[in-house]
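next comes the sequence, and after it the predicted model I'd like to discuss.
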Amino acid sequence: MKQESAAQNTPPASPPPSPPAQHPRDHGDPQALWIFGYGSLVWRPDFAYSDSRVGFVRGYSRRFWQGDTFHRGSDKMPGRVVTLLEDHEGCTWGVAYQVRGEQVSEALKYLNVREAVLGGYDTKEVTFYPQDTPDQPLKALAYVATPQNPGYLGPAPEEAIATQILACRGFSGHNLEYLLRLADFMQLCGPQAQDEHLAAIVDAVGTMLPCFCPTEQALALV
Ligand SMILES: N[C@@H](CCC(=O)N[C@@H](CS)C(=O)NCC(=O)O)C(=O)O
């Protein structure tokens, strides 16, 4: 997938500044940075990028363990969004986006607000394995919500998480949309991409939804 951007089509007057040293660089292009998305960034990056890859990171599992009082919830009814849990056996599928030149500072500035300020996420360097070239891994920046952040909710039975997701909405939409769009992405990745935690929550939602509200109301949720 390529998304042209104005910045990409206008050659910089002078070489753009290199990405800040603390961020992983793309050795093929030192002006570039890869950003790994595994939740809403998978379907709504909302920043200009030059390239993207579907793939996975090893050593992490995705969990709906981060509370969200802005995008998919409120102070009174926090929603649940995903974070990465360190798990030696884990593997999490998502999308890595390559940002280059002026796109780097623009993306980082935007994500700092969306992820860190509004979401409680911190940045972490991960190794990303593109689906098509897993033998050529890339260093990427991921936004991870650690247990130390105030919005962290931690583990809960998948049924309880499903109930919370069905009940919450925020400024970016209903929490159910967040869950189903992520489930859609995982379907597109193919049978080799499994996420049992996500599947269990989707199953629990499917069981509860008819009781939770009649069909036409359910359709209005998303
Ligand atoms: N950092 C993860 C999770 C990102 C995420 O879902 N963050 C929330 C912030 S609480 C968000 O941006 N939500 C926007 C939305 O729900 O549309 C990712 O790489 O996708």
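Happy to help now that I have it.

Tyr45 contacts Ala96, doesn't it?
For the record, residue 45 is Pro, not Tyr. No. Counting by C-beta atoms under 8 Å, Pro45 does not reach Ala96; the two are 10.5 Å apart. Where C-beta positions appear, they are placed from N, C-alpha and C, glycine not excepted.

tell me which of those two has more neighbours.
Neighbour count, other C-beta atoms under 10 Å: between Pro45 and Ala96, Ala96 has more, with 27 against 20.

shared neighbours, Pro45 and Ala96?
Each of 35, 37 lies in contact with both Pro45 and Ala96 under the rule C-beta atoms under 8 Å, 6 or more residues apart in numbering.

tell me the bridge partners for Lys124.
Judged by DSSP bridges, the bridge partners of Lys124 are Ala142.

quick check: which element contains Glu177?
Using DSSP states H and E, Glu177 falls within helix 175-189.

in stretch 40-51, what's buried?
For stretch 40-51, a neighbour-count test (16 or more other C-beta atoms under 10 Å) marks 40-42, 45, 47-50 as buried.

could you do stretch 75-85 as well?
Of all the residues in stretch 75-85, those buried under the rule 16+ other C-beta under 10 Å are 78-85.

what sits up against it?
For stretch 75-85, contacts defined as C-beta under 8 Å, 6+ apart pick out 38-40, 57, 60-69, 71-73, 92, 119, 121, 124, 126, 142, 144-146, 151-153, 161, 164-165, 167-170, 175, 178, 182.

which members of the residues you listed additionally contact the ligand?
Among the contacts of stretch 75-85, the residues lying close to the ligand (C-beta under 6 Å from any ligand atom) are 38-40, 68, 71-72, 119, 121, 178.

what count of nearby residues applies to Glu196?
9.

same check on Lys109?
Per other C-beta under 10 Å, the neighbour tally for Lys109 reads 11.

which helix or strand contains it?
Short version, using DSSP H and E: Lys109 is in helix 102-111.

any idea which helix or strand comes after the worst-scoring helix or strand of the chain on mean pLDDT?
Least confident element among the helices and strands of the chain, by mean pLDDT, DSSP states H and E: helix 6-9 (a mean of 41). For helix 6-9, the succeeding helix or strand toward the C-terminus, using DSSP H and E, is strand 32-37.
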